[in-house]
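K.L.:
Sharing a model prediction with you, sequence too.
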Amino acid sequence: MWGGRFSEGPSALLRALNDSFSFDRELFAEDVQGSIAWATELGHAGVLEADEVSLLVESLRLLTLREGDYEDVHSFVESALRETLGPLAGKLHTGRSRNDQVATDLKLWLKKACDDFDALVRPLARVLAQRAIVEAATAMPGYTHLKQAEPVTFGHWCLAYVEMLQRDLSRMNDAKNRGDECPLGSAALAGTPLKIDRERLAHSLGFARATANSLDAVSDRDFAAEYLFTASMLLSHLSRLAEDLIFYTSDEVAYMDLPDALATGSSRMPQKKNPDVLELTRGYAARSIGEVTGFLSLLKGLPLAYNKDMQLDKEPLFRTRALLGVLLPALTALAGALKLNRECMRGAAGSPLLLSTDAADELAATGIPFREAHEIVSRERGHSSDLNTVLAKKNVYGGTAPDRVREAAHKALESLTCHPERSEGSPESERPSHIGGGSFAVSAAQDDTR
(Lines give C-alpha, C1' and ligand atoms only; values in the text may rest on other atoms or scores of the structure.)
Protein backbone atom coordinates (compact mmCIF):
# COMPACT_ATOMS: atom_id res chain seq x y z
CA MET A 1 0.00 0.00 0.00
CA TRP A 2 2.94 2.35 0.49
CA GLY A 3 6.06 0.72 -0.95
CA GLY A 4 6.59 2.79 -4.12
CA ARG A 5 9.41 5.00 -2.87
CA PHE A 6 11.22 2.17 -1.05
CA SER A 7 13.93 0.00 -2.60
CA GLU A 8 13.26 -2.95 -0.33
CA GLY A 9 10.33 -4.36 1.64
CA PRO A 10 9.79 -3.99 5.37
CA SER A 11 11.97 -6.16 7.57
CA ALA A 12 10.56 -8.79 9.87
CA LEU A 13 11.56 -6.57 12.80
CA LEU A 14 9.45 -3.70 11.46
CA ARG A 15 6.52 -6.00 10.71
CA ALA A 16 6.57 -7.44 14.21
CA LEU A 17 6.36 -3.96 15.71
CA ASN A 18 4.26 -2.16 13.12
CA ASP A 19 1.56 -4.60 12.00
CA SER A 20 -1.79 -4.34 13.77
CA PHE A 21 -3.99 -6.86 11.97
CA SER A 22 -3.87 -9.19 14.99
CA PHE A 23 -6.10 -6.76 16.91
CA ASP A 24 -7.55 -4.15 14.53
CA ARG A 25 -9.33 -6.95 12.67
CA GLU A 26 -12.01 -6.16 15.25
CA LEU A 27 -12.87 -3.23 12.97
CA PHE A 28 -13.49 -5.43 9.93
CA ALA A 29 -17.27 -4.90 9.78
CA GLU A 30 -16.84 -1.14 10.18
CA ASP A 31 -14.12 -1.01 7.53
CA VAL A 32 -16.37 -2.77 5.05
CA GLN A 33 -19.27 -0.52 5.99
CA GLY A 34 -17.18 2.61 5.46
CA SER A 35 -15.74 1.28 2.20
CA ILE A 36 -19.20 0.60 0.78
CA ALA A 37 -20.25 4.16 1.61
CA TRP A 38 -17.04 5.55 0.07
CA ALA A 39 -17.45 3.52 -3.14
CA THR A 40 -21.00 4.80 -3.45
CA GLU A 41 -19.88 8.39 -2.95
CA LEU A 42 -17.11 7.96 -5.54
CA GLY A 43 -19.88 7.04 -7.94
CA HIS A 44 -21.84 10.18 -7.07
CA ALA A 45 -18.66 12.23 -7.64
CA GLY A 46 -18.12 10.71 -11.09
CA VAL A 47 -14.87 8.99 -10.12
CA LEU A 48 -16.32 5.53 -10.64
CA GLU A 49 -18.75 4.26 -13.24
CA ALA A 50 -22.02 2.79 -12.01
CA ASP A 51 -20.96 -0.77 -12.89
CA GLU A 52 -17.68 -0.28 -11.00
CA VAL A 53 -19.56 0.87 -7.93
CA SER A 54 -21.84 -2.16 -8.15
CA LEU A 55 -18.91 -4.56 -8.45
CA LEU A 56 -17.09 -2.99 -5.52
CA VAL A 57 -20.16 -2.89 -3.29
CA GLU A 58 -21.15 -6.47 -4.10
CA SER A 59 -17.62 -7.74 -3.51
CA LEU A 60 -17.32 -5.83 -0.23
CA ARG A 61 -20.57 -7.35 1.01
CA LEU A 62 -19.31 -10.83 0.22
CA LEU A 63 -15.99 -10.41 2.04
CA THR A 64 -15.35 -12.58 5.08
CA LEU A 65 -12.61 -12.13 7.63
CA ARG A 66 -9.79 -14.67 7.57
CA GLU A 67 -6.34 -15.18 8.99
CA GLY A 68 -3.31 -13.94 7.07
CA ASP A 69 -0.13 -11.91 7.01
CA TYR A 70 -1.53 -8.41 6.60
CA GLU A 71 -0.34 -5.06 7.90
CA ASP A 72 -3.77 -4.02 9.16
CA VAL A 73 -7.45 -4.56 8.55
CA HIS A 74 -7.48 -1.93 5.78
CA SER A 75 -4.77 -3.71 3.79
CA PHE A 76 -6.62 -6.99 4.29
CA VAL A 77 -9.82 -5.57 2.78
CA GLU A 78 -7.98 -4.10 -0.20
CA SER A 79 -5.96 -7.28 -0.75
CA ALA A 80 -9.07 -9.47 -0.57
CA LEU A 81 -10.84 -7.20 -3.07
CA ARG A 82 -7.88 -7.36 -5.43
CA GLU A 83 -8.11 -11.15 -5.49
CA THR A 84 -11.59 -10.93 -7.01
CA LEU A 85 -11.63 -7.56 -8.79
CA GLY A 86 -8.02 -7.03 -9.88
CA PRO A 87 -6.98 -3.40 -10.54
CA LEU A 88 -10.50 -2.10 -9.84
CA ALA A 89 -9.85 -2.74 -6.15
CA GLY A 90 -7.14 -0.06 -6.26
CA LYS A 91 -9.68 2.58 -7.29
CA LEU A 92 -11.51 2.30 -3.99
CA HIS A 93 -8.79 4.23 -2.18
CA THR A 94 -9.05 7.22 -4.52
CA GLY A 95 -9.26 10.42 -2.47
CA ARG A 96 -9.17 8.50 0.80
CA SER A 97 -6.42 7.89 3.37
CA ARG A 98 -6.01 5.27 6.00
CA ASN A 99 -6.05 8.23 8.40
CA ASP A 100 -9.67 9.21 7.78
CA GLN A 101 -10.53 5.57 7.14
CA VAL A 102 -9.46 4.33 10.56
CA ALA A 103 -10.96 7.37 12.30
CA THR A 104 -14.27 6.56 10.64
CA ASP A 105 -14.03 2.85 11.44
CA LEU A 106 -13.32 3.62 15.07
CA LYS A 107 -16.23 6.02 15.42
CA LEU A 108 -18.60 3.53 13.83
CA TRP A 109 -17.31 0.90 16.28
CA LEU A 110 -17.68 3.28 19.22
CA LYS A 111 -21.27 4.12 18.31
CA LYS A 112 -22.10 0.42 18.48
CA ALA A 113 -20.10 0.05 21.69
CA CYS A 114 -22.19 2.84 23.21
CA ASP A 115 -25.36 0.99 22.25
CA ASP A 116 -23.96 -2.14 23.90
CA PHE A 117 -23.12 -0.16 27.03
CA ASP A 118 -26.72 1.01 27.25
CA ALA A 119 -28.10 -2.48 26.60
CA LEU A 120 -25.89 -3.93 29.36
CA VAL A 121 -26.29 -1.28 32.06
CA ARG A 122 -30.07 -0.89 31.87
CA PRO A 123 -30.86 -4.49 32.93
CA LEU A 124 -28.75 -4.12 36.08
CA ALA A 125 -30.39 -0.79 36.92
CA ARG A 126 -33.82 -2.31 36.30
CA VAL A 127 -33.13 -5.29 38.57
CA LEU A 128 -32.05 -2.93 41.34
CA ALA A 129 -35.14 -0.76 40.83
CA GLN A 130 -37.38 -3.85 40.88
CA ARG A 131 -35.76 -5.01 44.11
CA ALA A 132 -36.23 -1.53 45.55
CA ILE A 133 -39.98 -1.84 45.04
CA VAL A 134 -40.09 -5.24 46.76
CA GLU A 135 -37.69 -4.20 49.54
CA ALA A 136 -38.88 -0.62 50.05
CA ALA A 137 -39.57 -1.25 53.74
CA THR A 138 -36.80 -3.77 54.45
CA ALA A 139 -34.83 -2.06 57.21
CA MET A 140 -31.05 -2.23 57.41
CA PRO A 141 -28.27 -0.10 58.90
CA GLY A 142 -26.93 2.74 56.83
CA TYR A 143 -23.21 3.42 57.16
CA THR A 144 -20.81 6.34 57.16
CA HIS A 145 -17.10 5.75 57.65
CA LEU A 146 -18.10 2.04 57.60
CA LYS A 147 -19.72 2.60 61.01
CA GLN A 148 -23.42 2.07 61.59
CA ALA A 149 -25.07 5.47 61.32
CA GLU A 150 -28.88 5.58 60.82
CA PRO A 151 -31.49 3.10 59.65
CA VAL A 152 -32.27 2.99 55.95
CA THR A 153 -33.99 0.38 53.81
CA PHE A 154 -32.50 -2.09 51.38
CA GLY A 155 -34.70 -0.56 48.69
CA HIS A 156 -33.10 2.82 49.35
CA TRP A 157 -29.66 1.24 49.08
CA CYS A 158 -30.62 -0.28 45.72
CA LEU A 159 -31.81 3.08 44.43
CA ALA A 160 -28.52 4.75 45.37
CA TYR A 161 -26.83 2.55 42.77
CA VAL A 162 -29.65 3.07 40.29
CA GLU A 163 -28.85 6.79 40.48
CA MET A 164 -25.19 6.10 39.72
CA LEU A 165 -26.05 3.84 36.79
CA GLN A 166 -28.46 6.38 35.35
CA ARG A 167 -25.70 8.99 35.42
CA ASP A 168 -23.44 6.52 33.62
CA LEU A 169 -26.09 6.00 30.95
CA SER A 170 -26.51 9.74 30.57
CA ARG A 171 -22.75 10.29 30.30
CA MET A 172 -22.39 7.65 27.60
CA ASN A 173 -25.31 9.04 25.66
CA ASP A 174 -23.74 12.51 25.79
CA ALA A 175 -20.42 11.10 24.57
CA LYS A 176 -22.16 9.31 21.72
CA ASN A 177 -23.93 12.50 20.64
CA ARG A 178 -20.67 14.47 20.70
CA GLY A 179 -18.83 11.80 18.75
CA ASP A 180 -21.58 11.33 16.17
CA GLU A 181 -19.70 12.93 13.27
CA CYS A 182 -18.01 11.39 10.27
CA PRO A 183 -14.29 11.96 9.48
CA LEU A 184 -14.47 10.30 6.06
CA GLY A 185 -13.51 12.76 3.34
CA SER A 186 -10.80 14.36 5.47
CA ALA A 187 -8.20 12.21 3.64
CA ALA A 188 -4.72 12.22 5.17
CA LEU A 189 -5.08 15.60 6.88
CA ALA A 190 -6.05 18.33 4.39
CA GLY A 191 -9.37 17.06 3.00
CA THR A 192 -10.10 15.12 -0.16
CA PRO A 193 -9.70 16.87 -3.53
CA LEU A 194 -12.75 15.04 -4.89
CA LYS A 195 -16.19 16.60 -5.18
CA ILE A 196 -17.58 14.59 -2.30
CA ASP A 197 -20.80 15.52 -0.51
CA ARG A 198 -19.56 14.89 3.00
CA GLU A 199 -22.92 15.47 4.66
CA ARG A 200 -24.55 12.90 2.41
CA LEU A 201 -21.66 10.54 3.07
CA ALA A 202 -21.99 11.04 6.84
CA HIS A 203 -25.72 10.38 6.78
CA SER A 204 -25.28 7.26 4.65
CA LEU A 205 -23.15 5.82 7.46
CA GLY A 206 -25.64 6.78 10.16
CA PHE A 207 -23.69 9.78 11.48
CA ALA A 208 -25.48 12.97 12.47
CA ARG A 209 -23.00 15.21 10.66
CA ALA A 210 -19.58 15.47 9.03
CA THR A 211 -16.51 16.68 10.93
CA ALA A 212 -15.77 20.37 10.49
CA ASN A 213 -11.96 20.35 10.31
CA SER A 214 -9.86 17.76 8.50
CA LEU A 215 -6.77 18.22 10.69
CA ASP A 216 -8.79 17.60 13.81
CA ALA A 217 -10.86 14.84 12.23
CA VAL A 218 -7.99 12.44 11.55
CA SER A 219 -6.33 13.00 14.93
CA ASP A 220 -9.37 13.32 17.21
CA ARG A 221 -9.78 10.50 19.71
CA ASP A 222 -12.00 12.34 22.20
CA PHE A 223 -14.87 9.93 21.63
CA ALA A 224 -12.63 7.00 22.49
CA ALA A 225 -11.33 8.75 25.61
CA GLU A 226 -14.85 9.56 26.74
CA TYR A 227 -15.93 5.97 26.19
CA LEU A 228 -13.06 4.72 28.34
CA PHE A 229 -13.70 7.32 31.04
CA THR A 230 -17.42 6.58 31.19
CA ALA A 231 -16.73 2.86 31.33
CA SER A 232 -14.19 3.49 34.08
CA MET A 233 -16.71 5.60 36.00
CA LEU A 234 -19.26 2.82 35.64
CA LEU A 235 -16.73 0.26 36.87
CA SER A 236 -15.90 2.49 39.83
CA HIS A 237 -19.59 2.50 40.73
CA LEU A 238 -19.78 -1.24 40.29
CA SER A 239 -16.69 -1.64 42.44
CA ARG A 240 -18.41 0.28 45.25
CA LEU A 241 -21.48 -1.94 44.89
CA ALA A 242 -19.22 -4.98 44.98
CA GLU A 243 -17.48 -3.78 48.13
CA ASP A 244 -20.83 -3.19 49.85
CA LEU A 245 -22.02 -6.68 48.95
CA ILE A 246 -18.76 -8.30 50.02
CA PHE A 247 -19.25 -6.64 53.40
CA TYR A 248 -22.98 -7.41 53.67
CA THR A 249 -22.45 -11.09 52.77
CA SER A 250 -19.49 -11.57 55.09
CA ASP A 251 -19.80 -14.10 57.90
CA GLU A 252 -19.51 -11.30 60.46
CA VAL A 253 -22.39 -9.21 59.04
CA ALA A 254 -24.56 -11.84 57.29
CA TYR A 255 -27.26 -9.47 56.05
CA MET A 256 -27.55 -11.45 52.84
CA ASP A 257 -26.18 -14.46 50.99
CA LEU A 258 -24.72 -14.79 47.50
CA PRO A 259 -26.36 -17.14 44.99
CA ASP A 260 -24.47 -20.41 44.78
CA ALA A 261 -24.17 -20.18 41.00
CA LEU A 262 -22.27 -16.88 41.27
CA ALA A 263 -19.88 -17.72 44.10
CA THR A 264 -16.90 -20.06 44.39
CA GLY A 265 -15.58 -22.43 46.99
CA SER A 266 -12.16 -23.34 48.31
CA SER A 267 -10.04 -26.31 47.30
CA ARG A 268 -8.84 -26.53 50.89
CA MET A 269 -11.58 -25.22 53.20
CA PRO A 270 -14.96 -26.95 52.72
CA GLN A 271 -17.01 -24.23 54.41
CA LYS A 272 -15.88 -21.35 52.20
CA LYS A 273 -18.18 -19.39 49.87
CA ASN A 274 -16.15 -16.75 48.13
CA PRO A 275 -17.40 -13.59 46.38
CA ASP A 276 -15.13 -13.94 43.33
CA VAL A 277 -17.47 -12.09 40.95
CA LEU A 278 -17.46 -9.10 43.29
CA GLU A 279 -13.73 -9.23 43.89
CA LEU A 280 -13.04 -9.40 40.15
CA THR A 281 -15.31 -6.39 39.72
CA ARG A 282 -13.04 -4.42 42.05
CA GLY A 283 -9.98 -5.67 40.22
CA TYR A 284 -11.27 -4.79 36.77
CA ALA A 285 -12.28 -1.34 38.01
CA ALA A 286 -8.65 -0.80 38.97
CA ARG A 287 -7.50 -1.92 35.52
CA SER A 288 -9.99 0.41 33.83
CA ILE A 289 -8.48 3.41 35.61
CA GLY A 290 -5.13 2.40 34.15
CA GLU A 291 -6.69 2.12 30.68
CA VAL A 292 -7.96 5.70 30.84
CA THR A 293 -4.72 7.05 32.26
CA GLY A 294 -2.63 5.30 29.62
CA PHE A 295 -4.93 6.46 26.84
CA LEU A 296 -4.74 10.12 27.87
CA SER A 297 -0.97 9.85 28.29
CA LEU A 298 -0.80 8.48 24.74
CA LEU A 299 -2.63 11.51 23.35
CA LYS A 300 -1.30 14.36 25.43
CA GLY A 301 1.85 15.21 23.48
CA LEU A 302 0.88 14.39 19.90
CA PRO A 303 1.31 17.13 17.29
CA LEU A 304 -1.27 17.49 14.53
CA ALA A 305 -2.29 15.51 12.65
CA TYR A 306 -2.11 11.68 12.60
CA ASN A 307 0.75 9.89 14.37
CA LYS A 308 1.47 6.17 14.56
CA ASP A 309 1.11 6.32 18.34
CA MET A 310 -2.62 6.27 17.65
CA GLN A 311 -2.39 2.66 16.57
CA LEU A 312 -2.23 1.89 20.29
CA ASP A 313 -5.64 3.46 20.93
CA LYS A 314 -7.69 0.39 20.01
CA GLU A 315 -6.73 -2.43 22.35
CA PRO A 316 -7.93 -0.67 25.55
CA LEU A 317 -11.26 -0.05 23.83
CA PHE A 318 -11.60 -3.65 22.70
CA ARG A 319 -10.69 -4.97 26.15
CA THR A 320 -13.15 -2.67 27.88
CA ARG A 321 -16.09 -3.51 25.64
CA ALA A 322 -15.41 -7.23 25.99
CA LEU A 323 -15.15 -6.92 29.78
CA LEU A 324 -18.46 -5.11 30.11
CA GLY A 325 -20.09 -7.77 27.97
CA VAL A 326 -19.11 -10.44 30.49
CA LEU A 327 -19.17 -8.57 33.80
CA LEU A 328 -22.49 -6.74 33.65
CA PRO A 329 -24.67 -9.80 32.95
CA ALA A 330 -22.98 -11.60 35.86
CA LEU A 331 -23.61 -8.69 38.24
CA THR A 332 -27.19 -8.37 37.02
CA ALA A 333 -27.86 -12.03 37.76
CA LEU A 334 -26.14 -11.74 41.13
CA ALA A 335 -28.12 -8.64 42.17
CA GLY A 336 -31.38 -10.32 41.22
CA ALA A 337 -30.64 -13.51 43.13
CA LEU A 338 -29.28 -12.13 46.41
CA LYS A 339 -31.00 -13.78 49.38
CA LEU A 340 -31.75 -11.36 52.19
CA ASN A 341 -31.62 -12.20 55.88
CA ARG A 342 -34.29 -9.66 56.79
CA GLU A 343 -34.42 -10.61 60.45
CA CYS A 344 -30.71 -9.94 60.85
CA MET A 345 -30.90 -6.71 58.86
CA ARG A 346 -33.84 -5.41 60.87
CA GLY A 347 -32.25 -6.38 64.18
CA ALA A 348 -29.13 -4.40 63.32
CA ALA A 349 -31.14 -1.42 62.04
CA GLY A 350 -33.18 -1.29 65.26
CA SER A 351 -30.15 -1.01 67.53
CA PRO A 352 -30.64 1.78 70.10
CA LEU A 353 -27.38 3.37 68.94
CA LEU A 354 -28.71 3.77 65.38
CA LEU A 355 -31.83 5.50 66.71
CA SER A 356 -29.83 8.17 68.52
CA THR A 357 -30.17 10.74 65.76
CA ASP A 358 -33.96 10.36 65.89
CA ALA A 359 -33.85 10.92 69.65
CA ALA A 360 -31.87 14.14 69.18
CA ASP A 361 -34.36 15.30 66.54
CA GLU A 362 -37.25 14.61 68.93
CA LEU A 363 -35.64 16.69 71.65
CA ALA A 364 -34.92 19.50 69.18
CA ALA A 365 -38.60 19.46 68.18
CA THR A 366 -39.50 20.40 71.78
CA GLY A 367 -37.46 23.60 71.48
CA ILE A 368 -34.11 22.42 72.82
CA PRO A 369 -31.25 23.63 70.58
CA PHE A 370 -30.05 20.71 68.49
CA ARG A 371 -26.48 20.99 69.75
CA GLU A 372 -27.74 20.52 73.33
CA ALA A 373 -29.99 17.67 72.24
CA HIS A 374 -27.02 16.06 70.50
CA GLU A 375 -24.96 16.22 73.72
CA ILE A 376 -27.77 14.82 75.86
CA VAL A 377 -28.35 11.83 73.59
CA SER A 378 -24.62 11.18 73.15
CA ARG A 379 -24.30 10.81 76.94
CA GLU A 380 -27.23 8.37 77.04
CA ARG A 381 -25.58 6.23 74.36
CA GLY A 382 -28.73 4.86 72.86
CA HIS A 383 -32.42 5.37 72.33
CA SER A 384 -35.47 3.18 72.19
CA SER A 385 -38.00 3.99 69.48
CA ASP A 386 -40.16 2.28 66.90
CA LEU A 387 -38.03 1.52 63.85
CA ASN A 388 -40.90 1.80 61.38
CA THR A 389 -41.77 5.23 62.74
CA VAL A 390 -38.18 6.38 62.45
CA LEU A 391 -38.01 5.27 58.82
CA ALA A 392 -41.38 6.81 57.97
CA LYS A 393 -40.21 10.21 59.24
CA LYS A 394 -37.58 10.38 56.47
CA ASN A 395 -40.31 11.24 54.00
CA VAL A 396 -38.49 14.12 52.30
CA TYR A 397 -37.91 13.83 48.55
CA GLY A 398 -34.97 11.45 48.14
CA GLY A 399 -35.36 10.07 51.66
CA THR A 400 -35.53 6.49 52.88
CA ALA A 401 -39.20 6.41 53.94
CA PRO A 402 -40.71 3.30 52.34
CA ASP A 403 -43.38 5.28 50.50
CA ARG A 404 -40.72 7.56 49.01
CA VAL A 405 -38.59 4.56 48.04
CA ARG A 406 -41.48 2.89 46.23
CA GLU A 407 -42.32 6.12 44.43
CA ALA A 408 -38.71 6.67 43.37
CA ALA A 409 -38.29 3.05 42.30
CA HIS A 410 -41.36 3.13 40.07
CA LYS A 411 -40.18 6.38 38.53
CA ALA A 412 -36.71 4.94 37.88
CA LEU A 413 -38.16 1.79 36.39
CA GLU A 414 -40.31 3.83 34.03
CA SER A 415 -37.27 5.83 32.93
CA LEU A 416 -35.16 2.72 32.42
CA THR A 417 -37.69 1.09 30.10
CA CYS A 418 -37.34 3.97 27.62
CA HIS A 419 -34.55 2.94 25.26
CA PRO A 420 -32.70 5.60 23.24
CA GLU A 421 -32.63 5.10 19.51
CA ARG A 422 -29.84 2.82 18.34
CA SER A 423 -27.28 3.90 15.79
CA GLU A 424 -28.16 3.27 12.18
CA GLY A 425 -26.36 0.25 10.82
CA SER A 426 -25.97 -1.37 14.24
CA PRO A 427 -28.87 -3.79 14.74
CA GLU A 428 -28.81 -6.34 17.53
CA SER A 429 -27.66 -9.03 15.12
CA GLU A 430 -24.42 -7.16 14.44
CA ARG A 431 -23.35 -7.08 18.06
CA PRO A 432 -20.33 -9.26 18.81
CA SER A 433 -21.20 -12.59 20.39
CA HIS A 434 -19.35 -11.71 23.59
CA ILE A 435 -21.67 -8.78 24.27
CA GLY A 436 -24.57 -9.83 26.46
CA GLY A 437 -27.62 -8.23 28.02
CA GLY A 438 -31.12 -9.14 28.97
CA SER A 439 -33.51 -8.44 31.79
CA PHE A 440 -33.60 -10.38 35.06
CA ALA A 441 -36.96 -10.35 36.78
CA VAL A 442 -37.19 -10.51 40.54
CA SER A 443 -38.95 -13.69 41.58
CA ALA A 444 -40.39 -14.69 44.91
CA ALA A 445 -37.49 -17.11 45.36
CA GLN A 446 -35.08 -14.20 45.34
CA ASP A 447 -36.85 -12.75 48.37
CA ASP A 448 -36.28 -15.75 50.61
CA THR A 449 -34.52 -15.16 53.91
CA ARG A 450 -31.55 -17.23 54.87
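P.N.:
In hand now; what should we look at?
K.L.:
Could you list the buried residues of stretch 401-419?
P.N.:
Ala401, Pro402, Arg404, Val405, Arg406, Ala408, Ala409, Ala412, Leu413, Leu416 (16 or more other Cβ atoms under 10 Å). Bear in mind the C-beta positions are built from the backbone N, C-alpha and C, glycine included.
K.L.:
So what's the gap between it and the chain middle?
P.N.:
Its chain's average C-alpha position is 22 Å from that of stretch 401-419, according to Cα atoms, centre = their mean, to the nearest Å.
K.L.:
sorry, back to before: turn the buried residues of stretch 401-419 into CSV, columns for distance to Asp260.
P.N.:
Formatted as CSV, the buried residues of stretch 401-419 follow (distance: Cβ to Cβ, whole Å):
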residue, distance to Asp260
Ala401, 34
Pro402, 30
Arg404, 34
Val405, 29
Arg406, 30
Ala408, 31
Ala409, 27
Ala412, 29
Leu413, 28
Leu416, 28
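K.L.:
List just the nearest of the residues you listed to Asp358.
P.N.:
Distance to Asp358 across the buried residues of stretch 401-419 (Cβ to Cβ) is lowest for Ala401, with 12.8 Å.
K.L.:
For that closest one, give me its contacts.
P.N.:
For Ala401, the contact set (Cβ atoms under 8 Å, 6 or more residues apart in numbering) comprises Leu391, Ala392, Lys393, Lys394, Asn395.
K.L.:
which residues touch the last one?
P.N.:
Right, Asn395. Asn395 makes contact with Ala401, Asp403, Arg404 under the criterion Cβ under 8 Å, 6+ apart.
K.L.:
which stretches of this structure have low pLDDT?
P.N.:
Filtered on pLDDT under 70, the chain yields the residue ranges 1-5, 381-384, 419-450.
K.L.:
repeat that with 50
P.N.:
Residue ranges of the chain with pLDDT under 50: 423-450.
K.L.:
How is it divided into domains?
P.N.:
Annotated domains of the chain cover 17-94, 99-186+214-344+395-431, 352-391 [automatic domain parsing].
K.L.:
Dump these to JSON lines, plus distance to Phe207.
P.N.:
Output for those, formatted as JSON lines (distance: least, Cβ to Cβ, whole Å):
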{"stretch": "domain 17-94", "distance to Phe207": "10"}
{"stretch": "domain 99-186+214-344+395-431", "distance to Phe207": "4"}
{"stretch": "domain 352-391", "distance to Phe207": "50"}
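K.L.:
so which of these gets nearest Lys195?
P.N.:
Comparison of the domains of the chain against Lys195 by Cβ to Cβ identifies domain 17-94 as nearest, at 4.9 Å.
K.L.:
Report the contact partners of Ala263.
P.N.:
By Cβ under 8 Å, 6+ apart, the residues touching Ala263 are Lys273, Asn274, Pro275, Asp276, Val277.
K.L.:
ranking the residues you listed by neighbours, who comes first?
P.N.:
Using other Cβ atoms under 10 Å as the neighbour criterion, Pro275 leads the contacts of Ala263 with 21 neighbours.
K.L.:
residues in contact with that one?
P.N.:
Going by Cβ under 8 Å, 6+ apart, Pro275 touches Ala242, Leu245, Ile246, Thr249, Leu258, Ala263.
K.L.:
what do you get if the cut-off is 10 Å, keeping everything else the same?
P.N.:
By Cβ atoms under 10 Å, 6 or more residues apart in numbering, the contact list for Pro275 reads 242-243, 245-247, 249-250, 258, 262-264, 281-282, 334.
K.L.:
Please pick the buried ones from these.
P.N.:
When the contacts of Pro275 are checked for burial by 16+ other Cβ under 10 Å, the buried set is Ala242, Glu243, Leu245, Ile246, Thr249, Leu258, Leu262, Ala263, Thr281, Arg282, Leu334.
K.L.:
between these, which is closest to Asn213?
P.N.:
Thr281 (40.1 Å).
K.L.:
I'd like to know how far the closest one sits from Ile246.
P.N.:
Thr281 sits 9 Å away from Ile246, going by Cβ to Cβ, to the nearest Å.
K.L.:
residues of the helix or strand containing Arg167 that come out buried?
P.N.:
In this structure, Arg167 is located in helix 154-178 according to DSSP states H and E. Neighbour counts over helix 154-178 (16+ other Cβ under 10 Å) mark 154-162, 164-166, 168-169, 171-172, 175-176 as buried.
K.L.:
now, which of the contacts of Asn395 sits nearest Ser54?
P.N.:
Among the contacts of Asn395, Arg404 lies closest to Ser54 (Cβ to Cβ), at 62.5 Å.
K.L.:
Is the closest one in contact with His410, as I believe?
P.N.:
No: with contact defined as Cβ atoms under 10 Å, Arg404 does not reach His410; the gap is 11.1 Å.
K.L.:
Can you work out which residues contact both of those two?
P.N.:
With Cβ under 10 Å, 6+ apart as the test, Arg404 and His410 both reach Ala136.
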